[in-house]
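In: would you be able to build a 3D model of this:
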Amino acid sequence: MHTELQTLLVDPPCVNNMPLLKQQQQQLPLDLPVIHNLPIQQVIEEKIESVSILKWESDQENAFFVADIGEVYRQHLRWKSLLPRIEPFFAIKSNPDPMVVRLLAAIGIGFDCASKSEIQQVLSLGVEPERIIYANPCKQASFIRYASQHNVAKMTFDNAEELHKIKMLYPNAELVLRILTDDSKSLCQLGLKFGAPLEEVPSLLQTAKDLDLNVIGISFHVGSGCLDENAFADAVVRARWAFDQGEKLGFKFDLLDVGGGFPGADVQDGITFEKVAAILGPAVDTMFPSNVRVIAEPGRYYVASAFTACTHVIGRRTVKAENQTQYMYYVNDGMYGSFNCILFDHQVVYPTVLTQGGKKYYEKKQDNDETFTSSIWGPTCDSIDCLAKEAKLPVLDDGDWIKWDNMGAYTICAASQFNGFRQSEIIYTNTFQ
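Out: Down below sits the predicted model:
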């Protein structure tokens, strides 16, 4: 029997009977993956036990993920509770997992897409074009034509050259000017690549007016992994100034896009989502009247805490250093796979031992268990493929398992198959009851 949340995935009410869905029906999977209704830990245990039983079968010990779609839904409810005015447009680039996208499409939120492929994925689920913003300020010409053909009108820009391109390819587009903000307190400073400085805003808007283009609002992005909640309030002030410039030129802006940079449920200390909401919500209400529609582009917020990675110890190396015994462990997913977030997203990952000597470690662990300085390495032949340079771990054996929490954002989506290692499989569960 399906739970209420799983029914949304099997029979989404918001996309039923839409012509577009009927046109794309042949592209939808005939069978959805199995969705368990079990705690994450139990799913992991059952998977590992099945590997032990089938240990002589080919590739049974490959690394895997457990994805909790219930956690994604909980994050949605949390958003609606703390930022009720701001409509989330999920940044699909953070995790385009088909079950995640299908769920979010079913509950009716919008999508931030950055390419033709991402737009195609969303449209194939019957999502209306109005629920998509093409939030890439510099777009390939053929992608703009595709957006035009499918009535995906909302798109961002931050330079005059892009305006001339859009004028030629999609003159009826609904344009959103992306302004530069202070992202100096963010792990990924997107302002290095995108965003119009405030001093350029008047001239860009004048160019849009001269080209008879329809600019409908302003967007910004405080950077991915923002570490200062006050950056959101500062960006809102800048957006208000840009709105005023538009009004002076005769534009009637009715859209504010506050971008991304929202912390996920895994962030419990420092800048939390609650702190961001407490700053951003009032700032928007103070600066913008209720007739201005406000959207956001959360990505990691929805998915970071929903995915757990499990890796298999495939090798151990004993190292003698300063009269101490240390260990190097090699596991079967790494920096060129799901752990690319360490390099590209500046993430720090933390290992948790699942089994030791083939036995459940968490059941027998004692406070006085002896641990050793250890490092954990991915499976490739590249020396940068290091997941943890120093961790205190008990002695592990080939065949033991290590768990990594909060692995849902910018991980699987950027995984390669370098050295011939395939991407990790995903097992789904639903802990929302």
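In: which residue packs closest to Leu125, ignoring adjacent ones?
Out: Closest residue to Leu125 apart from its sequence neighbours, by CB to CB, 6 or more residues apart in numbering: Ala105 at 4.4 Å. Yep, even glycine has a C-beta here, placed from its N, CA and C like the rest.
In: so that neighbour is in which element?
Out: Using DSSP states H and E, Ala105 falls within helix 98-106.
In: could you list the paired strands of the helix or strand that comes right after that helix along with their orientation?
Out: Downstream of helix 98-106, the next assigned helix or strand under DSSP H and E is strand 110-113. Applying DSSP bridges, strand 110-113 is found paired with strand 87-91 (parallel), strand 132-134 (parallel).
In: run through who's touching strand 110-113.
Out: Strand 110-113 has contacts (CB atoms under 8 Å, 6 or more residues apart in numbering) with 87-93, 101, 104-105, 118-119, 122, 127, 131-136, 152, 260, 295, 297, 299.
In: repeat that for 7 Å
Out: Under the criterion CB atoms under 7 Å, 6 or more residues apart in numbering, residues 87-92, 119, 122, 127, 131-135, 295, 297 lie in contact with strand 110-113.
In: likewise for stretch 93-103?
Out: 8-9, 33, 67, 69, 72-73, 92, 114, 118, 121-122, 125, 299-300, 303, 408-410, 412-413, 426, 428.
In: pLDDT averaged over it - what is it?
Out: Across stretch 93-103, pLDDT averages out at 95.
In: ends of it, how far apart?
Out: One end of stretch 93-103 sits 16 Å from the other (CA to CA, to the nearest Å).
In: in it, what's buried?
Out: Within stretch 93-103, the residues that count as buried by 16 or more other CB atoms under 10 Å are Lys93, Ser94, Asn95, Pro96, Asp97, Met99, Val100, Val101, Arg102, Leu103.
In: what backbone torsions are found at the nearest residue to the third one once chain neighbours are set aside?
Out: Using CB to CB, 6+ apart and skipping residues adjacent in sequence, the residue nearest Asn95 is Val303, 4.3 Å away. The phi and psi torsions at Val303 (degrees, to the nearest 10) take the values phi -120, psi -20.
In: again, but for Met287
Out: According to degrees, to the nearest 10, Met287 has phi -90, psi -20.
In: check the gap between it and Glu297 for me.
Out: 19 Å (CB to CB, to the nearest Å).
In: also Phe64?
Out: Distance from Phe64 to Glu297, counting by CB to CB: 29 Å.
In: can you give me the strands for the stretch 201-350 of the chain?
Out: With DSSP state E, counting those that start in this stretch as the criterion, the stretch 201-350 of the chain has strands at 214-219, 224-226, 255-257, 293-296, 307-321, 324-331.
In: which helix is the longest one in this protein?
Out: Ranked by residue count under DSSP state H, the longest helix found in the chain is helix 230-248.
In: give me the neighbour count for the residue nearest to Leu125.
Out: 26 (other CB atoms under 10 Å).
In: same deal with the one 3 residues further on?
Out: Around Gly108 sit 15 other residues, with neighbours defined as other CB under 10 Å.
In: so what pLDDT did it get?
Out: For Gly108, the model assigns a pLDDT of 95.
In: could I get the phi/psi values of it?
Out: According to degrees, to the nearest 10, Gly108 has phi 90, psi 10.
In: for the nearest residue to Asp397 once chain neighbours are set aside, report the pLDDT, please.
Out: Using CB to CB, 6+ apart and skipping the chain neighbours, the partner closest in space to Asp397 is Gly357 (5.5 Å). According to the prediction, Gly357 has pLDDT 87.
In: please report how far Gly357 lies from Ile107.
Out: 44 Å.
In: these two: which is more packed in?
Out: The residue with more neighbours, out of Gly357 and Ile107, is Ile107; 17 against 12, by other CB under 10 Å.
In: quick one on the thing from earlier: select only the buried ones of the contacts of stretch 93-103 in PyMOL?
Out: A single PyMOL command selects the buried members of the contacts of stretch 93-103 (16+ other CB under 10 Å):
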select buried, resi 8+9+67+69+72+73+92+114+118+121+122+125+299+300+303+408+409+410+412+413+426+428
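In: tell me which of the contacts of stretch 93-103 fall in helices.
Out: Leu8, Leu9, Ile69, Val72, Tyr73, Glu118, Gln121, Val122, Arg300, Val303.
In: once you drop chain neighbours, what's closest to the most centrally placed residue in the chain?
Out: To find the centre residue of the chain, average its C-alpha atoms and take the closest one (CA atoms, centre = their mean): that gives Ser94, at 2.5 Å. Computed as CB to CB, 6+ apart, the closest residue to Ser94 that is not its neighbour in sequence is Gly299, at 3.0 Å.
In: and for Arg240?
Out: Met287 (4.4 Å).
In: if I pick that neighbour, what's in contact with it?
Out: So Met287 contacts Val236, Val237, Arg240 (CB under 7 Å, 6+ apart).
In: likewise for Gly264?
Out: If you count contacts by CB under 7 Å, 6+ apart, Gly264 has them with Arg300, Tyr301, Ala304, Ser305, Ala409.
In: now the last one: how far from Leu83?
Out: Spelled out, that is Ala409. From Ala409 across to Leu83, the span is 19 Å (CB to CB).
In: can you check Val176 too?
Out: Taken as CB to CB, the span from Val176 to Leu83 is 19 Å.
In: hang on, isn't Gly223 packed against Gly261?
Out: Yes: in terms of CB atoms under 7 Å, Gly223 counts as a neighbour of Gly261; the distance is 5.5 Å.
In: look at those two and report which has more neighbours.
Out: Comparing Gly223 with Gly261 by other CB under 10 Å, the one with more neighbours is Gly261, at 33 against 24.
In: check which helix or strand covers Trp79.
Out: Per DSSP H and E: helix 69-82 holds Trp79.
In: so what does Thr355 look like in phi/psi?
Out: Taking degrees, to the nearest 10 as the convention, Thr355 sits at phi -130, psi 150.
In: how many neighbours does it have?
Out: 22.
In: tell me who's in contact with it.
Out: So Thr355 contacts Ile48, Tyr361, Asp400, Trp401 (CB under 7 Å, 6+ apart).
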